[in-house]
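>>> compute the structure for the input listed below.
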Amino acid sequence: MNNISDKKQPVAGFKNMPVCAVDALGRRMPEPGISSTERENSTVGLFYFLWLCCHNKKLYNISEITDADPEAGYKTDDPKWGGIGDMHYWGEPFYGYYSMDDEWVIRRHMKLIMQAEIDFLYFDTTNAVVYEPVCHRVMKVLQEYALQGFKIPKVMFYTNTRSGWTVQKIYEEFYKPGLYRETWFELDGKPVIIAIPGECSDEVREFFNIKLSQWPNEPTKQGGWPWMDFEKPQRVFENLQGEPESINVSVAQHPQIRFGDSVMYGETTNCGRAWHDGDNDKGKNAWIKGFNLAEQFERALETHPPIVLVTGWNEWIAGRWQGPPERPIMFVDCANYEFSRDIEMMRDGYFDNYFMQLISYVRKYKGTRGVAPSPCGEKTVYEGFTDGAFKRDCLGWTDEIRFENSTMRTSIKRVTVSHTEKDLKFEIEASEIPERSGAFFNVFISTGERAGYDFILNYAPEGAPVKEGEALVARIVRPDPYSVEMRDVPVERPCDRLDSVFVIGENSLEIGENTVTVTVPLTVLGLGPDVNPEGKTDEIWFKVADSTESYKVIDDFYDKGDVLPMGRAGFVYRMTY
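Numbers count the residues shown, from 1 in each chain. Predicted structure coming up:
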């Protein structure tokens, strides 16, 4: 049950080699121990939305409209608003106003979700729309990664409206022909689907392990799997045998039903991103800190049922509907940066705070693989992907938006790390060796004391090529990290800068046919027995990044070139002497 593939087992990737980071708020991710802390019966699903492709093709942003005009909710004919039924973004995603036709975005989504060690995605098909082309695209990418040996998030579908008809359509499109078999999320030997059994055919009921759709304003169902819960603290839902089975964790909740009323009409009963201890926190930028999500996850840790359902990753839009005369413009599921529930990175604003928080809490709930210190001379392998050179070229939400990104030029397929008492070595295997311009296989190293990174190996000043033989080691200068206790945290994130540096030494650089070997003296990094004779061990967090352009800020690790591991977090390497 729940194996990645009948043919291959997981290679050493994100599952085997945990990542670690300090986020922009100064919150330190729980570090992996020396030995495994993985728990049985601890499975996490993530609500994944498919619909950023199939609606109106004009761009509206609720936050921008209401920030510019606090009275906009009463101006129903203002052309800044779309018409009844038109979809409006609550904010701008980090990857722009993208379409789910954009395979480049999907590939990045899946790598990040794998990094968070999510076990399955539950697709939103609750409104009797399946979005078949998007499902095929996502499942094809996941199957590709599974067949390479990675532990992927499996896939299941959540239905509600016209459930029987929708399930039949899903079954005949994907399951009956046996498509993407490696991506199916299974329990007790059957693919899982959320449905209303009484509406389903005998064939479907026999094929699937059916869980019940559980709406937040419905009475508690035995066997229900909730995508949202309005009760505080959240309920734990039992299976049909009366055993605790599932709980929902969400970024924000709308028990009054209309999130837009809290943005435009002063409604106070909805629970925004900053909700905690019974109220919405009015502190400056409180919404970027994840108070509500933390409170929800703490409840999941306290009760620890075997299934946690997290809402959600990439919703981003809501339809405009007709409200009552006193509140004429209505948005239900999301409405602005405070009253929304996306974890995916946003442009500016909270950036990757919620993604880092997701990784941290999943680790607290599930545990993680251990990272034992490596003795001198022993090699530790970190696996990469084969699609690092996949370039972006796709229309966005509207035909006037086109996204192009050609900073990718090679795939970092594998990094092997070893050390002696004097040196630290990175052996990098790539699909091809590009010209030595831009960021040529930069190795970023953190000593784990603060947000961001401390050193860059293979550094070259802007516009200068890296020199074979001996390259430069640069120290990154940043302000002290934020304290998680601070109430007024600026959104600008100065601690995430990577472009304020000074050269402190050199590393050796050897270039082979498809390999790059980088060796640096431990003393240059302030590590090793020569620096601390009493020390027996050291720890670093690192990543390898290659791009046609230099990396100037943490944000670039999410969308420039090929980065292993992608994003803020780094692989953990521990060494003994």
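
>>> just checking, what packs against the helix or strand harbouring residue 193?
Here residue 193, judged by DSSP states H and E, is contained in strand 190-195. Strand 190-195 is packed against strand 154-158, helix 163-170, helix 202-207, strand 209-214, with contacts defined by 3 or more C-beta pairs under 8 Å, 6 or more residues apart in numbering; DSSP states H and E. All C-beta spots, glycine's among them, are computed from the backbone N, C-alpha and C.

>>> strands paired with it, and their directions?
If you go by DSSP bridges, strand 190-195 pairs up with strand 154-158 (parallel), strand 186-187 (antiparallel), strand 209-214 (parallel).

>>> tell me the contacts of the closest residue to residue 357 other than its chain neighbours?
Leaving aside its chain neighbours, residue 357 sits nearest to residue 290 (4.6 Å; criterion: C-beta to C-beta, 6 or more residues apart in numbering). Counting by C-beta atoms under 8 Å, 6 or more residues apart in numbering, residue 290 touches 251, 273, 350, 353, 354, 357.

>>> and residue 115, by the same measure?
Contacts here follow C-beta under 8 Å, 6+ apart; on that basis residue 115 touches 14, 19, 359, 565, 566, 567, 569.

>>> repeat that for residue 274.
280, 281, 282, 283, 286, 287, 289, 291, 292, 338.

>>> if I look at the second one, how far off is residue 273?
Distance, residue 281 to residue 273, by C-beta to C-beta, to the nearest Å: 9 Å.

>>> with the first one instead?
Applying C-beta to C-beta, the value for residue 280 to residue 273 is 9 Å.

>>> before we move on, what about the third one?
Distance check for residue 282 against residue 273: by C-beta to C-beta, it reads 12 Å.

>>> same drill for those two, tell me which one is more crowded.
residue 273 (27 against 7; other C-beta atoms under 10 Å).

>>> doesn't residue 296 make contact with that one?
No - Residue 273 is beyond contact range of residue 296, at 11.1 Å (criterion: C-beta atoms under 8 Å).

>>> any shared contact partners between the two?
Going by C-beta under 8 Å, 6+ apart, residues that sit against residue 273 and also against residue 296 are residue 251.

>>> next, residue 305: phi, psi?
Dihedral angles of residue 305 (phi, psi; degrees, to the nearest 10) stand at phi -70, psi 170.

>>> what of the one 5 residues further on?
Residue 310 adopts backbone torsions of phi -100, psi 130, taken as degrees, to the nearest 10.

>>> in this structure it contacts residue 246, no?
No - using C-beta under 8 Å, residue 310 makes no contact with residue 246, being 11.3 Å away.

>>> mind listing the helices for the stretch 51-200 of the chain?
62-68, 103-115, 132-147, 163-170 (DSSP state H, counting those that start in this stretch).

>>> likewise the stretch 451-577 of the chain?
556-559.

>>> what do you get for the stretch 251-400 of the chain?
Using DSSP H, counting those that start in this stretch, helices in the stretch 251-400 of the chain cover 259-264, 291-303, 353-366.

>>> show me which of the contacts of residue 274 are buried.
Using 16 or more other C-beta atoms under 10 Å as the burial test, those include 280, 281, 286, 287, 289, 291, 292, 338 as buried.

>>> where does the fifth one land on pLDDT?
Right, the one you point to is residue 289. At residue 289, the model reports a pLDDT of 95.

>>> what's the answer for the last one, then?
The pLDDT attached to residue 338 in the predicted structure is 96.

>>> noted, bye for now.
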